[in-house]
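Student: Make a model of this:
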Amino acid sequence: MSDAIEDTVLHFIEEMDVAIADDSDSYFSMYVFFAGKKQYYTECGESALAHAAEVLAWITHMALDAESKSAPVIAAVNHRDGRSVSPEDLSLDQRAFLEKLYSQLATGLLKSRIAEIALMLDTPRRWELVDETIEGYLTEPLSDKSWFTHQENLWTRAVTLSRQFRKQAPIKYIETQIQQYIDEHSPENPGITLSLYQFIHEQFLLDSNANTNAANLMAFAAYKKSEKNFSIAERLFSLAADFYKRQRGYTEQLGALFESAECFFLDAENRAQFSDQGNLLASGLYEKALQRYRLIPVAQRGITGTDARIEECLKRVRIHGELSLEDMQTFQLPPTDLSELVEISINHVRDKGHIFTASLYFVGFAIISSESLKDDKQEQFRISDLFGTVFISGDGRAIGRTGTAGSDHSRVREMQSFDFSLKIAVAGEIMPAMHQLLQEYNFVIRFFEELCHHSPLIPDDRVELTARALYLGFEYRFSESIHMLSPQVEFMVRNLLKQANIITSTIDKAGVENEIGLSSLLDKPEAKNLLGNDLHFNLVSLFTDPLGANIRNYVAHGLLNDNSSQSDAVVYAWWLYFKIVVMSVTQAPLFRIPHPE
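Tutor: Numbers count the residues shown, from 1 in each chain. Modelled structure (predicted):
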């Protein structure tokens with residue numbers, strides 16, 4: 001780069017500083033400016049200047065991965081056919097141009113970007129670039145206007161770099177700026193205070209002021225609660241609980257948790273008053289409140305009145321869940337009265353003392369028997385048998401077809417009966433019993449880890465994964481649980497067959513060995529012999545039959561949505577797997593685990 005070109009480039013960089021002085025888009029504003037310069041010099045026939053402007057446009061268009069230790073500057077756009085420019089695309093000449101330009105620039109974001117690229121690509125790492133890089137990110141003082149657009153990301157990067165290269169001064173500067181802002185703002189005029197508290201928590205800052213800031217958060221939340229702004233208040237109380245937890249303020253943490261749950265509860269009460277979608281929103285909020293109340297240990301619930309709130313949430317979740325169906329103007333058959341079955345199920349698991357004993361009672365409900373789904377009426381001729389049937393999934397796909405009478409209508413009726421039976425099992429037995437258990441016990445992840453550790457079905461390298469899948473069910477997070485659980489069911493069946501010396505893979509013409517899927521595994525006659533007729537029937541109906549829930553296929557192909565991932569079939573599948581694991585550590589497992597010769 002000649003001196004004349006360098007002078008021109010430095011001149012239009014000065015123009016840029018003036019042009020974007022009041023623009024809060026930061027690097028993007030630089031990119032727009034340099035792209036315009038590139039077009040201008042191209043039209044003027046100044047190719048060298050056009051190329052220089054293009055390189056500057058490239059580097060300012062790149063994105064900043066603020067918490068990355070090795071590749072903080074990345075391509076801003078990724079798509080199927082490629083991506084935008086990233087640092088590794090720069091040629092040696094282009095990097096030399098940036099290196100020469102670097103020493104001529106004033107401290108700021110452009111200089112920090114060039115330094116970040118050099119720090120990322122050059123070996124050995126150039127420690128001397130770190131201080132000025134951080135200084136460029138902190139040039140602009142804390143600002144309401146810039147915080148959400150770019151400053152939070154820049155300060156996150158400054159904290160990451162400071163810790164990576166052991167720089168204390170920048171972190172102290174950031175902490176001072178944030179604490180000063182928090183101290184100057186009140187709940188009536190909060191500014192960006194909530195975001196700053198979140199930033200403090202995420203970046204582990206201001207530990208020495210943690211208790212004071214937690215108390216301020218509680219006051220801030222109480223003010224928002226008094227204004228009936230329950231959503232913001234809940235976030236603040238929840239964040240205060242995190243602050244107290246870090247400082248081991250156990251009593252204060254429980255108080256903040258209770259208040260956050262109260263905000264969910266009160267917000268649900270408020271939403272329920274509206275006719276349009278009010279019941280649907282209220283039901284979800286009551287469930288969130290229930291989950292939050294349950295974070296409070298059983299021994300402490302009586303003091304705060306949590307038990308009464310839990311009971312009330314359980315009732316209202318059901319009430320508003322049913323009312324939400326009316327809001328959506330859906331049509332349904334007359335409801336089946338399950339109140340007697342619910343009462344029996346609750347009493348079945350109530351007051352069992354030890355958590356494992358209670359779990360044994362919980363899994364003691366009978367699985368659906370294939371024999372119970374068959375009756376004489378199923379064999380009778382029906383008018384519908386004269387016609388073929390197409391089965392459509394929730395997303396409009398044809399997932400099954402039947403022919404005319406005499407083909408596979410009995411299987412269709414069996415699946416319909418199975419679907420009805422599992423709905424009864426979930427609504428009348430599993431969920432009421434689980435609600436009762438969660439009022440009496442805290443099902444922590446450690447319990448499931450110990451259970452899986454002792455189970456002969458779970459290898460040591462799958463204990464944490466399986467335990468997590470089981471634990472999530474007791475958190476009502478069935479959507480997450482089923483995505484972890486479904487592969488473990490397939491592994492269990494495959495491993496069971498392998499231990500019985502059954503071949504579970506195929507070898508193609510090229511000599512490549514591939515494991516066969518769950519559907520083919522369950523189709524093996526040995527699988528039915530090992531699992532038993534009823535358990536085999538349940539696994540097939542739940543996981544692989546296209547006319548059943550077909551969970552394995554839905555999980556494997558990403559077909560579950562927010563609703564179907566929490567269906568009755570998913571809940572029943574989770575409970576069935578929990579039953580298999582629990583029984584495997586007793587003297588009466590559901591099936592015998594063979595030992596390979």
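Student: Tell me which residue is most central in the protein.
Tutor: Among the residues of the chain, the smallest C-alpha distance to the mean C-alpha position (CA atoms, centre = their mean) belongs to Glu480, namely 7.5 Å.
Student: buried stuff in whichever helix or strand that one is part of?
Tutor: Using DSSP states H and E, the secondary-structure element containing Glu480 is helix 478-499. Residues of helix 478-499 classed as buried under the neighbour-count rule (16 or more other CB atoms under 10 Å) are 478-479, 481-497. C-betas here are computed from N, CA, C, even on glycine.
Student: coming back round to it: give the closest residue to the residue nearest to the centre of the chain in space, chain neighbours not counted.
Tutor: In space, and not counting its chain neighbours, Glu480 is closest to Leu472: 5.0 Å by CB to CB, 6 or more residues apart in numbering.
Student: Would you agree the residue nearest to the centre of the chain is in contact with Gly473?
Tutor: No: applying CB atoms under 8 Å, one finds Glu480 not in contact with Gly473, separated by 9.3 Å.
Student: Please name the residues that touch the closest residue to Glu67 other than its chain neighbours.
Tutor: If you skip the residues right next to it in sequence, Glu67 has Thr160 as its closest partner in space, 5.3 Å away by CB to CB, 6+ apart. Applying CB atoms under 8 Å, 6 or more residues apart in numbering, one finds that Thr160 lies in contact with Ala66, Glu67, Ser68, Lys69, Pro72.
Student: one more time with 10 Å
Tutor: Shown in contact with Thr160 (CB atoms under 10 Å, 6 or more residues apart in numbering): Asp65, Ala66, Glu67, Ser68, Lys69, Pro72, Ile134, Gln203.
Student: do the same with Leu314
Tutor: Leu314 touches Tyr286, Glu287, Leu290, Pro432, His435, Gln436, Leu438, Gln439, counting by CB under 10 Å, 6+ apart.
Student: Would you map the strands across the chain?
Tutor: With strands called from DSSP state E, the chain shows them at 63-64, 73-74, 78-79, 82-83, 389-392, 398-402, 505-507, 513-515.
Student: quick one: average confidence on the longest one?
Tutor: Right, the one you point to is strand 398-402. pLDDT averaged over strand 398-402 equals 45, rounded to a whole number.
Student: How about the third one?
Tutor: When pLDDT is averaged along strand 78-79, the result is 84.
Student: next one: it to chain centre, how far?
Tutor: 23 Å (CA atoms, centre = their mean, to the nearest Å).
Student: and what of stretch 411-420?
Tutor: Using CA atoms, centre = their mean, the mean C-alpha position of stretch 411-420 is found 33 Å from that of the whole chain.
Student: CA-only coordinates of that stretch in PDB, if you can.
Tutor: In PDB, the C-alpha atoms belonging to stretch 411-420 read as follows (Å, rounded to 0.1, in the frame of the first residue of the first chain):
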ATOM      1  CA  ARG A 411     -54.900 -54.000  13.900                       C
ATOM      2  CA  VAL A 412     -56.400 -50.500  13.400                       C
ATOM      3  CA  ARG A 413     -59.100 -51.200  16.100                       C
ATOM      4  CA  GLU A 414     -56.400 -52.600  18.400                       C
ATOM      5  CA  MET A 415     -54.400 -49.400  18.000                       C
ATOM      6  CA  GLN A 416     -57.500 -47.200  18.600                       C
ATOM      7  CA  SER A 417     -58.200 -49.200  21.800                       C
ATOM      8  CA  PHE A 418     -54.600 -48.800  22.900                       C
ATOM      9  CA  ASP A 419     -54.700 -45.100  22.300                       C
ATOM     10  CA  PHE A 420     -57.900 -44.800  24.400                       C
END
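Student: Which positions within it qualify as buried?
Tutor: Val412, Arg413, Glu414, Met415, Ser417, Phe418, Asp419.
Student: Please report how far the second one lies from Phe543.
Tutor: Computed as CB to CB, to the nearest Å, the Arg413 to Phe543 distance reads 20 Å.
Student: Likewise for Gln168?
Tutor: 55 Å.
Student: which of these two has more neighbours?
Tutor: Taking Gln168 and Phe543 together and counting by other CB atoms under 10 Å, Phe543 has the greater number of neighbours (25 against 9).
Student: For the closest residue to Gly548 other than its chain neighbours, grab the count of nearby residues.
Tutor: Residue nearest to Gly548 in three dimensions, not counting chain neighbours: Ser541, with 4.1 Å by CB to CB, 6+ apart. Here the count is done by other CB under 10 Å, and Ser541 has 26 residues near it.
Student: Contact partners for the residue nearest to Glu480?
Tutor: Going by CB under 10 Å, 6+ apart, the list of residues near Leu472 reads Ile445, Phe448, Phe478, Ser479, Glu480, Ser481, Ile482, His483, Met484, Leu485, Trp574.
Student: again with Asn213
Tutor: Contacts here follow CB under 10 Å, 6+ apart; on that basis Asn213 touches 178-179, 182-183, 196-197, 200-201, 205-207, 220, 239-240, 243.
Student: And the pLDDT for it?
Tutor: 92.
Student: what's the spacing between Lys145 and Asp23?
Tutor: Computed with CB to CB, the distance linking Lys145 and Asp23 is 10 Å.
Student: Of those two, which one has the most company?
Tutor: For Lys145 and Asp23, the more surrounded residue by other CB under 10 Å is Asp23, and the numbers stand at 14 against 11.
Student: Give me the pLDDT for the more buried one.
Tutor: Note for Asp23: predicted pLDDT of 70.
Student: That one is in contact with Phe33, isn't it?
Tutor: Yes: between Asp23 and Phe33 a contact is recorded at 9.3 Å, counting by CB atoms under 10 Å.
Student: quick one on the thing from earlier: which of the contacts of Leu314 lies closest to Lys315?
Tutor: Within the set of those, Tyr286 lies nearest Lys315; the separation is 8.9 Å, counting by CB to CB.
Student: who are the neighbours in contact with the closest one?
Tutor: Tyr286 makes contact with 264-265, 267-269, 271-272, 312-321 under the criterion CB under 10 Å, 6+ apart.
Student: Show the residue spans covered by the helices in the stretch 301-450 of the chain.
Tutor: For the stretch 301-450 of the chain, the helices identified by DSSP state H, counting those that start in this stretch occupy 306-327, 339-349, 355-362, 409-425, 431-440, 445-454, in order along the chain.
Student: Find out how far the first one is from the centre of the chain, if you would.
Tutor: If I follow you right, that is helix 306-327. Between the mean C-alpha position of helix 306-327 and that of its chain there is a distance of 25 Å (CA atoms, centre = their mean).
Student: cool, the shortest one as well?
Tutor: With CA atoms, centre = their mean as the basis, the distance from the averaged C-alpha position of helix 355-362 to the chain average is 29 Å.
Student: okay, the angle between it and helix 339-349?
Tutor: Regarding helix 355-362 and helix 339-349, their directions subtend 150 degrees when assessed with axes from the mean of the first three to the mean of the last three CA atoms, to 10 degrees.
Student: From the rest of the structure, what touches helix 355-362?
Tutor: Applying CB under 10 Å, 6+ apart, the contact partners of helix 355-362 are 345, 348-352, 354, 429-430, 433-434, 436-437, 440-444, 447-448, 450-451, 575, 578-579, 581-583, 585-586.
Student: Mind listing what's buried along that helix?
Tutor: For helix 355-362, the buried set under the neighbour-count rule, 16+ other CB under 10 Å, comprises Ala358, Ser359, Leu360, Phe362.
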